[in-house]
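In: got a structure for you, letters missing:
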Ligand SMILES: [Zn+2]
């Protein structure tokens with residue numbers, strides 16, 4: 001019986017420096033959240049693990065839509 005070795009990847013939260021443990025095999029564009037400050041990040045790099053604000057792109061999209069709407073209304 002072969003035991004599958006579970007590797008835990010630890011990366012630091014860019015916001016509060018809390019250690020974020022990633023136990024599953026991470027893939028690009030996976031979403032991880034910080035247990036301390038509950039910030040949500042997207043994995044953009046795998047070796048080493050690179051995190052990017054997941055909220056950021058959402059806000060940008062909303063901003064873009066809002067601008068479009070304003071132009072229409074005007
Ligand atoms: Zn954090």
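Out: Done, it's in. The structure displayed is predicted, hence computed values, not measured ones.

In: what residues does the protein put near the ion?
Out: 13, 15-16, 18, 34, 36-37 (CB under 5 Å from the ion). Bear in mind the C-beta positions are built from the backbone N, C-alpha and C, glycine included.

In: Would you write out the PyMOL command that picks the buried residues out of those?
Out: In PyMOL syntax, the buried subset of those is picked out as below (16 or more other CB atoms under 10 Å):
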select buried, resi 13+34
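
In: Now pLDDT and secondary structure too, for the residues of the chain next to the ion, in TSV please.
Out: TSV is the format used below for these (pLDDT from 0 to 100; DSSP: H, G, I helix; E, B strand; the rest coil):
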residue	pLDDT	secondary structure
13	95	coil
15	93	coil
16	97	coil
18	96	coil
34	95	coil
36	95	coil
37	96	coil
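
In: what's the closest of the residues of the chain next to the ion to residue 55?
Out: Nearest to residue 55 among the residues of the chain next to the ion is residue 15, at 10.9 Å by CB to CB.

In: do you know how far the closest one is from residue 4?
Out: As judged by CB to CB, to the nearest Å, residue 15 and residue 4 stand 32 Å apart.
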